[in-house]
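1. Give me the fold of what follows.
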Amino acid sequence: MEEPSAPVSKTVSQLDLMFIFLVTTLGLVILVPFLMHQVDHGHRVSCPANLKALGTGFYTYANENNGMWPIPPHTSALKRSGRSAMPQARSGRTAT
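-> Okay, the predicted model is just below:
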């Protein structure tokens, strides 16, 4: 009959901890610049998309309001005279 063996104690040595720390640090050193580049790229992509959406909104407003662009509140004199503070939008209709 076999005697039960004593439990084997596995401890983590300082060398193991230093190796784990080194690998983690190298991974972060490699990944952080890449991730920051991706964030910057995301900002560069979203800005033109926002400008395009604003332009589309202005032209849609003008086409639905007889070619008049939105007038800021401080230009009430222009509003009373019927003139627009912005250039006229293209109607999209072709002359026949």
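2. Next, residue 43: secondary structure please.
-> With DSSP: H, G, I helix; E, B strand; the rest coil as the basis, the three-state label of residue 43 is helix.
3. From residue 36, how far off is it?
-> Distance, residue 43 to residue 36, using C-beta to C-beta, to the nearest Å: 11 Å. For glycine as for every other residue, the C-beta is placed from the backbone atoms N, C-alpha and C.
4. Okay, helices next: where are they in this protein?
-> Using DSSP state H, the helices of the chain run over 14-64, 76-81.
5. mean pLDDT for those: which is lowest?
-> Least confident of the helices of the chain, judged by mean pLDDT, is helix 76-81 with a mean of 56.
6. circling back: out of the helices of the chain, flag the one nearest residue 70.
-> Set against residue 70 and scored by C-beta to C-beta, those come closest in helix 14-64, at 5.6 Å.
7. Counting neighbours, show which residues of stretch 27-37 come out buried.
-> When neighbours are counted by 16 or more other C-beta atoms under 10 Å, no buried residue of stretch 27-37 is found.
8. From the structure, what's the count of residues near residue 62?
-> Residue 62 sits with 20 neighbouring residues when counted by other C-beta atoms under 10 Å.
9. Isn't it up against residue 69?
-> Yes: counting by C-beta atoms under 8 Å, residue 62 does reach residue 69; the two are 5.1 Å apart.
10. Dump the helices of the chain to TSV, plus distance to residue 5.
-> TSV is the format used below for the helices of the chain (distance: least, C-beta to C-beta, whole Å):
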stretch	distance to residue 5
helix 14-64	24
helix 76-81	93
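11. and the gap between residue 29 and residue 61?
-> Using C-beta to C-beta, residue 29 is found at 50 Å from residue 61.
12. what residues are up against residue 28?
-> Shown in contact with residue 28 (C-beta atoms under 8 Å, 6 or more residues apart in numbering): no residues.
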